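Q: Quick one: sequence and predicted model below, then my questions.
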Amino acid sequence: MSEAIEIYKAIGDHKKRLRAKYGVTCPVCPEKRPKAHPSILMPQQRCRVDGYVDPRPELTDQQYQEPQMNGISFIISQSGLRPLPSTPKQTPPGGGKLSVSQYVDIAEQFANGDTKANLARAYGVTHQAICYVIKKQQ
């Protein structure tokens, strides 16, 4: 991605962290619109729906920058490094319920005479999934 896109994403993440830390729900919204979700207001922000203004004092520069400095994502984005991927699970392509070792076990049990329906019940998958596994293992 370009550098500008990364900057905009970092700004969006920063705003989400600020909203999570300092945002409060509008007290007028539940009264006027009981079935709708209430607006989340930052200090001194006006609710666009009801016109209520949050009475808390505006955020200081230090409060505004604080969530940005605490996150590991900020450090990673400033250093240009990428986080290491987690260790891959031994699951088949598509991320199904069955692991690669279970694929082998199913194929062996089917070769030994077990039925597809019994295998499906034992592994908690559908008959079609067992057919797929057997087809892939041959």
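A: Cool, the structure landed.
Q: and the chain, what are its domains?
A: According to automatic domain parsing, the chain comprises the domains 3-79, 100-137.
Q: Lowest average pLDDT across these?
A: Mean pLDDT is lowest for domain 3-79 among the domains of the chain, at a mean of 80.
Q: mind checking how far that domain is from the chain centre?
A: The chain centroid and the centroid of domain 3-79 are separated by 19 Å under CA atoms, centre = their mean, to the nearest Å.
Q: re the thing from before, could the domains of the chain be laid out in JSON lines, adding mean neighbour count?
A: (C-beta placed from N, C-alpha, C; glycine too.) Shown next, in JSON lines, are the domains of the chain (neighbours: other CB atoms under 10 Å):
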{"stretch": "domain 3-79", "mean neighbour count": "13"}
{"stretch": "domain 100-137", "mean neighbour count": "15"}
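Q: And the strands in this protein, which stretches?
A: Applying DSSP state E to the chain gives strands spanning 24-25, 40-41.
Q: close enough to count as contact, Leu59 and Met42?
A: Yes: Leu59 lies in contact with Met42 (CB atoms under 8 Å); the separation is 7.2 Å.
Q: Give me the common contacts of the two.
A: Leu18, Tyr22 (CB atoms under 8 Å, 6 or more residues apart in numbering).
Q: Give me the contacts around stretch 38-50.
A: Contacts of stretch 38-50 (CB under 8 Å, 6+ apart): 18-19, 22-30, 32-33, 52-54, 56-59.
Q: Could you tell me which of these are located in helices?
A: Of the contacts of stretch 38-50, the ones assigned to helices by DSSP state H are Leu18, Arg19, Tyr22, Cys29, Pro30, Lys32.
Q: Now for those: which two are most distant?
A: Leu18 and Lys32 (25.9 Å; CB to CB).
Q: show me where the chain has helices.
A: Applying DSSP H to the chain gives helices spanning 3-22, 29-32, 61-70, 72-79, 100-111, 116-123, 127-137.
Q: Tabulate these in a markdown table, adding columns for distance to Pro38.
A: Listed next are those as a markdown table, based on distance: least, CB to CB, whole Å:
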| stretch | distance to Pro38 |
| --- | --- |
| helix 3-22 | 13 |
| helix 29-32 | 4 |
| helix 61-70 | 22 |
| helix 72-79 | 28 |
| helix 100-111 | 47 |
| helix 116-123 | 45 |
| helix 127-137 | 44 |
